[in-house]
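K.L.:
got a predicted structure plus its sequence, pasted below:
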Amino acid sequence: MRQQHSFLPTLRDVPADAEVISHQLMLRAGLMRQIASGLYSYLPLGQKVIRKVQEIVRDEMNKTGSEEVLLSTLHPAELWHETGRWDVYGPELMRLKDRHERAFALGPTHEEVITSLVRDEIKSYKKLPLSMYQIQTKFRDERRPRFGVLRSREFIMKDAYSFHATDESLDEMYQKMYSAYMNIFTRCGLNFRAVEADSGAIGGTDTHEFMVLSEIGEDTIAFSNSSSYAANIEKAEVTQTSYEQLVVDGDKEKQVVDTPNVRTVEELAAFLAVEPNQIIKSVAFEVDSEIVVALVRGDFEINETKVKVLLGGQTIELLSPESVVQDLKSVPGFVGPVGPVGLQVKIVADNSVKGMAGAVVGANEKDKHIQYVSPERDFTVEGYYDLRNIVEGDPSPDGQGIIQFAEGIEVGHVFKLGTKYSEAMGAIFLDENGKDKPMIMGCYGIGVTRILAAVIEQNHDEKGIVWPVSLAPYDIHLITVNPKDEQQQELGEKLYQELRNQRFDVLYDDRKERPGVKFNDSDLMGLPVRITVGKKAQEGIIEVKARKSGDMEEIHVNELEAYLQKFFDQAT
Ligand SMILES: O=C(C[C@@H]1CCCCN1)Cn1cnc2cc(Cl)c(F)cc2c1=O
Ligand SMILES: [Mg+2]
């Protein structure tokens, strides 16, 4: 492609509201432009990378035997009512009315659509297992879109769904998808880890997320320093059940104390001259529609996901301040397990609370706490469970080594769904004994546009993007330093034609721009190889530069083919 005619608007300056490097570089290198908060258009350079990612995904999906389909983006609300999800999801589900006033959703995911498709066509175990995938735009009305395409309101996802007669068949498909994902992210040149995950609102049992290691990742991964154990912190199991407790005045009678102007555990500890591990934190949640108070020792954090899983809920959120006052008869920030609260709602405690005595808890009154409180003497809990976030230094749940943290960007997620959707929607098959059974499902997602950003986060330098060869929008950047110079112009054109005849994808910078502009743009766009035609054109000498290593050398045009052969052979 001749750059003179390509829609490739590069930016010299860093856009103000782009906080992370991938967002900055995707804008500066002319891969995309924002049209509204969380909404992007992909320009030719960006679209070429998207297509390369899709081709890798298709190749690996097809190898698992999954068939590509393209499902409807507009979903009739009725389907989402069948599974009850129309009411489970809030404003994140983008809804609209058609001209007949009928309700629709813009698809954020396609369990309902694919299950309704399969239930109408498949009746016998003989037609199972079934596996289909699509690569399509998804809509999720994120409250706070951020980090460019990493958290946008419209994104391209590959989503696959499989249908099985038996659990063994699902397990087999799950392994196939898992290894296909390992191949996909490896071929994209990503440094990633598969981690045990929580199945979130989707339900189901086994599930793994594929995390690209990056300090701007929103997910925290807990991994062992001496085994392959790795899990999303939401899921990572804390195996410790008994704790050294710091007990002072353990048998003193509890007493209310004024604690004005303290907001955090640290401030409270300082005010009362106690340690955080002598304080019990009480956090009120709404799990689906049930109120629960979860307790944890002051030096740890409650893990919301573990509370949700314990109560078997689909969604969990912090109890609203209004509800803390109205329903809990307490005061936000001063919730505690002693007194009326304890009698009305279920109180569950993390194992770190067991055996505490003489502790500090919220008094359910503004600016007041209660000192010298002992669980079991002053309040009872429904039970003690693993409800806290794992911390660095904890023993790894597999018993090997200790836990360390890393931040990750989720680019893939595979789930064993079970029969949640097939039961809700009547996707039934006749098994070999002639019995009606709900199909057993799996679902498997990859964030295609998110991969672009993740790759850039891991493959850039101070000058710009450094594309892995497998995803580079072009193979070669051909530059003539001075297109007005007859010799250079001639050699540039000749090389452009020859390279394309050799089936290289070439971006030819034939613009009448100063050399500095051309070289800066070239480094910014990050194509794997740059060929520069300059002053020595009449001797047939050109300069070749490898973007990643920075290695640069002058060679004769007759050596170019061998150079490129060697370079691209090494890269694949
Ligand atoms: O999407 C999944 C599970 C898998 C992921 C891989 C591909 C198939 N689906 C989970 N999830 C996430 N956010 C959502 C947002 C909205 Cl607004 C919604 F209505 C539904 C969902 C939702 O179900
Ligand atoms: Mg996920």
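P.N.:
Perfect, thanks for sending it. Numbers count the residues shown, from 1 in each chain. Ligands and ions are numbered 1, 2, ... in the order given.

K.L.:
hey, let's count contacts and neighbours off CA atoms from now on
P.N.:
OK.

K.L.:
quick one, phi/psi of Ile184?
P.N.:
Main-chain torsions, Ile184, degrees, to the nearest 10: phi -60, psi -50.

K.L.:
ok, it to Gly339 distance?
P.N.:
56 Å (Cα to Cα, to the nearest Å).

K.L.:
name every strand pairing with whichever strand or helix holds Gln134 and say which way it goes.
P.N.:
Taking DSSP states H and E as the criterion, Gln134 maps to strand 130-139. In the sheet containing strand 130-139, its partner strands are strand 67-68 (parallel), strand 154-164 (antiparallel), by DSSP bridges.

K.L.:
show residues contacting that strand.
P.N.:
The contact list for strand 130-139 (Cα atoms under 8 Å, 6 or more residues apart in numbering) reads 54, 61, 65-71, 73, 93-94, 106-109, 153-164.

K.L.:
return the set of residues that bridge with the closest residue to Lys536 other than its chain neighbours.
P.N.:
By the measure of Cα to Cα, 6 or more residues apart in numbering, the closest residue to Lys536 outside its immediate chain neighbours is Ile542, 6.8 Å from it. Beta-bridge partners of Ile542, counted by DSSP bridges, are Ile555.

K.L.:
from what I can see Ile542 touches Met552, true?
P.N.:
No: if you go by Cα atoms under 8 Å, Ile542 and Met552 don't touch, sitting 10.6 Å apart.

K.L.:
Ile184 and Gly339: which has the busier surroundings?
P.N.:
Set side by side, Ile184 and Gly339 give different neighbour counts by other Cα atoms under 10 Å, the larger being at Ile184 (22 against 13).

K.L.:
touching, the more buried one and Val57? I think so.
P.N.:
Yes: under the criterion of Cα under 8 Å, Ile184 is in contact with Val57, at a separation of 6.1 Å.

K.L.:
look up phi and psi at His23.
P.N.:
Dihedral angles phi and psi of His23 (degrees, to the nearest 10) take the values phi -60, psi -40.

K.L.:
that one and ligand 1, how far apart?
P.N.:
His23 sits 22 Å away from ligand 1, going by Cα to the nearest ligand atom, to the nearest Å.

K.L.:
let me know the pLDDT of that residue.
P.N.:
You'll see His23 listed with a pLDDT of 98.

K.L.:
tally up the residues packed near the residue of the stretch 401-550 of the chain found nearest ligand 1, please.
P.N.:
Checking the stretch 401-550 of the chain residue by residue against ligand 1 with Cα to the nearest ligand atom singles out Gly445 as nearest, at 3.4 Å. Counted by other Cα under 10 Å, the residues lying close to Gly445 total 23.

K.L.:
I'd guess it is in a helix, am I close?
P.N.:
No: assigned with DSSP: H, G, I helix; E, B strand; the rest coil, Gly445 falls outside any helix and is strand.

K.L.:
Pro15 contacts Leu25, doesn't it?
P.N.:
No: Pro15 lies out of contact with Leu25 (Cα under 8 Å); the separation is 9.2 Å.

K.L.:
more neighbours, those two?
P.N.:
Neighbours were tallied for Pro15 and for Leu25 using other Cα under 10 Å; the higher tally belongs to Leu25 (26 against 13).

K.L.:
so that one: helix, strand or coil?
P.N.:
Local secondary structure at Leu25 is given as helix here, using three-state DSSP.

K.L.:
and for Pro337?
P.N.:
coil.

K.L.:
need the pLDDT of it.
P.N.:
Looking at Pro337, its pLDDT reads 95.

K.L.:
count of residues packed around it?
P.N.:
With other Cα under 10 Å as criterion, Pro337 counts 29.

K.L.:
give the contact list for it.
P.N.:
With Cα under 8 Å, 6+ apart, Pro337 has these contacts: 282, 293, 347, 361-362, 379.

K.L.:
contacting residues around the residue in the stretch 151-300 of the chain that ligand 1 sits nearest to?
P.N.:
The shortest separation between the stretch 151-300 of the chain and ligand 1 is 4.5 Å, found at Asp159 (distances taken as Cα to the nearest ligand atom). Contact criterion Cα under 8 Å, 6+ apart gives 109-110, 133-136, 443-446 as the residues in contact with Asp159.

K.L.:
tell me what the residue lying closest to it once chain neighbours are set aside is bridged to.
P.N.:
Beyond its immediate neighbours in the sequence, the residue positioned closest to Asp159 (Cα to Cα, 6+ apart) is Gly445, lying 4.5 Å away. On the basis of DSSP bridges, Gly445 is bridged to Asp159, His413.

K.L.:
tell me the first helix or strand C-terminal of the worst-scoring helix or strand of the chain on mean pLDDT.
P.N.:
Within the chain, judged by mean pLDDT, DSSP states H and E, the helix or strand with the poorest mean is helix 340-344; its value is a mean of 73. Next helix or strand after helix 340-344 toward the C-terminus (DSSP H and E): strand 346-350.

K.L.:
for whatever helix or strand comes next after that next one, packing partners?
P.N.:
As assigned by DSSP H and E, the chain's next helix or strand after strand 346-350 is strand 359-362. Counting contacts by 3 or more Cα pairs under 8 Å, 6 or more residues apart in numbering; DSSP states H and E, the secondary-structure elements packed against strand 359-362 are strand 280-287, strand 368-373.

K.L.:
partners of the last one, with directions?
P.N.:
When sheet partners are counted by DSSP bridges, strand 368-373 sits next to strand 255-258 (antiparallel), strand 359-362 (antiparallel).

K.L.:
kindly report the same for the first one.
P.N.:
Strands that pair with strand 280-287, judged by DSSP bridges, come out as strand 290-297 (antiparallel), strand 316-318 (antiparallel).

K.L.:
want to throw those strands into JSON lines with mean pLDDT and distance to ligand 1?
P.N.:
What follows is the strands paired with strand 280-287, written out as JSON lines (pLDDT from 0 to 100; distance: least, Cα to the nearest ligand atom, whole Å):
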{"stretch": "strand 290-297", "mean pLDDT": "96", "distance to ligand 1": "21"}
{"stretch": "strand 316-318", "mean pLDDT": "93", "distance to ligand 1": "14"}
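
K.L.:
mean neighbour count added to these, as JSON lines?
P.N.:
Putting these into JSON lines (neighbours: other Cα atoms under 10 Å) gives the following:
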{"stretch": "strand 290-297", "mean neighbour count": "23"}
{"stretch": "strand 316-318", "mean neighbour count": "17"}
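
K.L.:
which residues are in contact with the spatially most central residue of the chain?
P.N.:
With distances taken as Cα atoms, centre = their mean, the chain has Glu410 as the residue nearest its mean C-alpha position (2.6 Å). The neighbourhood of Glu410, defined by Cα under 8 Å, 6+ apart, consists of 209-212, 217, 219.

K.L.:
what helix or strand does it sit in?
P.N.:
In this assignment (DSSP H and E), Glu410 forms part of strand 403-418.

K.L.:
and the nearest residue to Met1 once chain neighbours are set aside, what helix or strand is that in?
P.N.:
Distance criterion Cα to Cα, 6+ apart; nearest residue to Met1, sequence neighbours excluded, is Leu507 at 4.9 Å. Element membership for Leu507, per DSSP H and E: strand 506-509.

K.L.:
contacts for that strand?
P.N.:
For strand 506-509, contacts defined as Cα under 8 Å, 6+ apart pick out 1-4, 474-480, 496, 499-500, 518.

K.L.:
next: stretch 517-535.
P.N.:
For stretch 517-535, the external contacting residues (Cα under 8 Å, 6+ apart) are 10, 25, 28-29, 463-469, 472-482, 488, 491-492, 509, 541-548.

K.L.:
which parts of that stretch count as buried, going by neighbours?
P.N.:
Of the residues in stretch 517-535, those scored as buried under the neighbour-count criterion (16 or more other Cα atoms under 10 Å) are 518-519, 521-535.

K.L.:
looking at those residues, which are in helices?
P.N.:
In this view, the buried residues of stretch 517-535 that belong to helices under DSSP state H are 518-519, 521-525.

K.L.:
follow-up on the earlier one: Thr239 is nearest to which of the helices and strands packed on strand 359-362?
P.N.:
Closest to Thr239 of those, according to Cα to Cα: strand 280-287, at 20.0 Å.
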